[in-house]
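Chemist: Structure, please.
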Amino acid sequence: MPFLGSRDVDHSSFQYVILDLSKSGIGFAIPKWVVNREGLRTGDTINFNLPVFVQGSFYKQGDLLWTRWDRDMEAQVCGASLVRAKAPLYPIYISLDADAVSVSLEDFTVREDALVHRVLKDTAFLKKGVEIYVSHLVPFFARIAKYPPEKYPQLRGFLFSDIRERVREHFKKLEDLYRTINAENPAPADIAKYIDLEELRTTIDSEISVDVFMAVFSDENIMPYLKAIKDLEQKLFYNYNIIVLLYLHSLE
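Modeler: Sure, this is the predicted structure:
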């Protein structure tokens, strides 16, 4: 099952499948069949948004060492180093044990079903945070962005309103999913009956393109505010991958 990664420089998201994992690095592919693709280049810093535990250290980011197109797999195949990170937020991670990849729960006092509740609740709050930021962008851009004042109402209508409505819709879906899981309290083995991963990915993924905003406004002053949104989205991608791990674990 594909995870959600992102390119650090512009926060562009993409789906990837892990091919191999070792203390020396990670091999992954971006298949032609995934919906969310991004062309990566050697030297790109990649956020895997996935807690990996190798020999006493955690990792979730890496630098792309090589990339090529694999005709048989119909995928961009890549190899990256691993960059050390702090301990994960949730007690679940991928660990390497005798060169085998496995999903490990760090703290067995946390029941898996309770962990699903917690991650979904946090995810809904994060998307709500994106909605709040987007709402604040409208008056902010009207004040500081270098855009013709007479054209701003039209821009507000087709750009900001559309983005805000999509963020609100996605927040509502996440909130509804959390409430359903919380009310019905499914057993860990039944998580797959409640969560459609592709629908969840669409709901969690970004509604905001940095390239579009920079093309429209051509003003570097907006970058700190877009970065604040992208930081929240990074946490959303991480939460999505945690849910994928829990989903996979429920199938065992």
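
Chemist: Tell me which helix or strand Ile46 sits in.
Modeler: Assessed by DSSP states H and E, Ile46 sits inside strand 45-54.

Chemist: Partner strands of the helix or strand following that strand, with direction?
Modeler: Moving toward the C-terminus from strand 45-54, the first helix or strand encountered (DSSP H and E) is strand 57-70. Each strand paired with strand 57-70, and its direction, by DSSP bridges: strand 45-54 (antiparallel), strand 75-80 (antiparallel), strand 83-85 (antiparallel).

Chemist: Quick one: distance of strand 57-70 to the chain centre.
Modeler: Computed by CA atoms, centre = their mean, to the nearest Å, the chain-centroid distance of strand 57-70 equals 16 Å.

Chemist: Could you list the buried residues of it?
Modeler: Judged by neighbour count (16 or more other CB atoms under 10 Å), strand 57-70 contains these buried residues: Phe58, Tyr59, Lys60, Gln61, Gly62, Leu64, Thr67. For every residue, glycine as well, the C-beta is placed using N, CA and C.

Chemist: give me every residue that touches the fourth one.
Modeler: If I follow you right, that is Gln61. For Gln61, the contact set (CB atoms under 8 Å, 6 or more residues apart in numbering) comprises Asp8, Thr45, Ile46, Asn47, Phe48, Leu82, Val83, Ala85.

Chemist: Flag whichever of those residues scores worst on pLDDT.
Modeler: Note: of the contacts of Gln61, the lowest pLDDT belongs to Ala85, at 77.

Chemist: That one: what's it in contact with?
Modeler: Residues in contact with Ala85, defined by CB under 8 Å, 6+ apart, are Pro51, Phe58, Tyr59, Lys60, Gln61.
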